[in-house]
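K.L.:
Dropping the sequence and predicted coords here.
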Amino acid sequence: MNGAVVLDIEGTTSAAAHVKNLLFPYARKRLADWVNDRGHEPRVKAALDEARELIREHSVRQSGDQAELVRVLEQWSDEDRKVTPLKTLQGMIWSEGYARGDLQGHIYPDSVQAIQTWRVSGTPLFIYSSGSVLAQQQWFTHTPYGDLTGHLAGYFDTETAGPKRETASYHAIAKCIDVQPQLILFVSDSRQELDAARRAQWRTGWVKRPQEDPSPESSDHATYPDLLSVARRETS
Ligand SMILES: CSCCC(=O)C(=O)COP(=O)(O)O
Ligand SMILES: [Mg+2]
């Protein structure tokens, strides 16, 4: 297939449990100290200001102090809210965790094969995740299979493209990579994300791994048990 492939991470290339049970708690535990120690750094301050603005938009009463801000960020983490400032802060905290050797990205073995299969076929591969671009790059740099970033043509997140359940985000990505929407395949474990991509006229593939999602739920998106099955189908 000519065109491009855009991959989701959590639940698609990689185990959701790794993100939820290792990455999220790692950042959550460090959030308060991070905000205290680094809150003056421009990129941290920008994320904190963005979080404050979001809180202001959504709440009636707000004291605005730092402890309250941290409590809200922790709550967003507990609720797995895909809000950009939280994702930005998590990405920065994880980045240090990778550098320290505390963290490693997870990738299913079949995903490694799938990425190689698409690479050999000459199909450009992009990542679109709610995790920040920095978090995505670090994830694919530090895998048990080595650094896989050489196989990836680019990354999109909620800041550069927008929320994953909104059609406009897929229009934005298509425009940025300069590929006709009908020639872009989006692969995800989330029906809502696939529905949004389809509304933007993208092709879709639903990876429904039995170990991630054993429900009998079905959809009219082409459905596969793993990522390698998608790559084989698309490149045969
Ligand atoms: C490896 S990037 C961090 C993952 C993350 O924070 C996240 O929210 C995953 O969302 P996805 O869009 O990949 O399902
Ligand atoms: Mg996902």
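P.N.:
Alright, I've got the coordinates. Ligands and ions are numbered 1, 2, ... in the order given.

K.L.:
Neighbours of the nearest residue to Val83 once chain neighbours are set aside, how many?
P.N.:
Closest residue to Val83 apart from its sequence neighbours, by CB to CB, 6 or more residues apart in numbering: Trp76 at 5.7 Å. Backbone N, C-alpha and C define where each C-beta goes, glycine included. Other residues lying near Trp76 total 22 when counted by other CB atoms under 10 Å.

K.L.:
I'd like the next helix or strand past the helix or strand hosting Trp76.
P.N.:
Per DSSP states H and E, Trp76 falls inside helix 66-78. For helix 66-78, the following helix or strand on the C-terminal side (DSSP H and E) is helix 84-100.

K.L.:
hmm, who's touching that following helix?
P.N.:
23-24, 26-27, 30-31, 34-35, 38, 43-44, 47-48, 50-51, 54, 73, 76-77, 103-105, 130-135, 138, 141-142, 157-159 (CB atoms under 8 Å, 6 or more residues apart in numbering).

K.L.:
Swap in 6 Å and give it another go.
P.N.:
26-27, 30, 34, 47, 50-51, 73, 76, 103, 131-132, 134-135, 138, 142, 158-159 (CB atoms under 6 Å, 6 or more residues apart in numbering).

K.L.:
one step back: buried ones in the helix holding Trp76?
P.N.:
Across helix 66-78, burial judged by 16 or more other CB atoms under 10 Å covers 69-70, 72-74, 76-77.

K.L.:
same check, this time on stretch 10-30
P.N.:
Applying 16+ other CB under 10 Å to stretch 10-30 flags 10-16, 18-19, 22-24, 26-28, 30 as buried.

K.L.:
Send me it as CSV with only the CA atoms.
P.N.:
Presented in CSV, the C-alpha positions along stretch 10-30 are these (Å, rounded to 0.1, in the frame of the first residue of the first chain):
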residue,chain,number,x,y,z
GLU,A,10,-1.6,2.0,24.3
GLY,A,11,-3.5,-1.3,23.6
THR,A,12,-2.3,-1.3,20.0
THR,A,13,1.5,-1.5,19.7
SER,A,14,1.9,-2.0,23.4
ALA,A,15,0.3,-3.2,26.6
ALA,A,16,-2.2,-0.8,28.2
ALA,A,17,-1.2,-2.3,31.6
HIS,A,18,2.4,-1.1,31.2
VAL,A,19,1.2,2.4,30.8
LYS,A,20,-1.5,2.2,33.6
ASN,A,21,0.5,0.2,36.1
LEU,A,22,4.0,1.5,35.6
LEU,A,23,4.1,4.8,33.8
PHE,A,24,1.1,6.6,35.3
PRO,A,25,2.1,5.8,39.0
TYR,A,26,5.7,6.7,38.3
ALA,A,27,4.8,10.2,37.2
ARG,A,28,2.0,10.6,39.8
LYS,A,29,4.4,9.8,42.7
ARG,A,30,6.8,12.5,41.5
